[in-house]
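Enquirer: My questions are about this predicted structure, shown below with the sequence.
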Amino acid sequence: QVQLVESGGELVQAGGSLRLSCAASGRTFSSYAMGWFRQAPGKEREFVAVISSTGDSTYYADSVKGRFTISRDNAKNTVYLQMNSLKPEDTANYYCAGSKYYSGDQTRFGNWGQGTQVTVSS
């Protein structure tokens, strides 16, 4: 069973940058595609980005394409989300999760972390 712990969220001004990290325990991290999702207050959780198990393929939500970059280091059992040009609408709790499928469908993901809060002030 893989356990995930997110970190790196904080308060930042619009236009700023943050890098989120998601550290995984367990031996099977490199077998999973990894995704980032977010949930803003009063809204449903939504897909942000996904990276394949090898890191060769990535896919982004239109709302973050060109601003966010997902990456992974399988030697460190960690997946990252580099967020640039942040906007107030990026404010949310950000979660990482793993899946045996390279997909943006969050129903295919499990082993959810507790999340890390990102707040972007205008």
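Expert: Happy to help now that I have it.
Enquirer: which residues touch residue 47?
Expert: Neighbouring residues of residue 47 by Cβ atoms under 8 Å, 6 or more residues apart in numbering: 35, 37, 61, 104, 105, 106. Placement of C-beta: from N, CA and C, glycine included.
Enquirer: is it true that residue 34 touches residue 101?
Expert: No. The pair residue 34 / residue 101 is not scored as a contact, 11.4 Å apart, by Cβ atoms under 8 Å.
Enquirer: higher neighbour count, the two?
Expert: The neighbour comparison of residue 34 against residue 101 (other Cβ atoms under 10 Å) goes to residue 34, with 31 against 13.
Enquirer: per-residue pLDDT, the more buried one?
Expert: Per-residue confidence (pLDDT) for residue 34: 96.
Enquirer: And the one 4 residues further on, by the same measure?
Expert: Confidence per residue is given as pLDDT, and for residue 38 that number is 98.
Enquirer: One more: residue 16?
Expert: Among the per-residue scores, residue 16 holds a pLDDT of 98.
Enquirer: Residue 54 in helix, strand or coil?
Expert: On the three-state scheme (DSSP: H, G, I helix; E, B strand; the rest coil), residue 54 is labelled coil.
Enquirer: show me what contacts it?
Expert: Taking Cβ under 8 Å, 6+ apart, one finds residue 30 in contact with residue 54.
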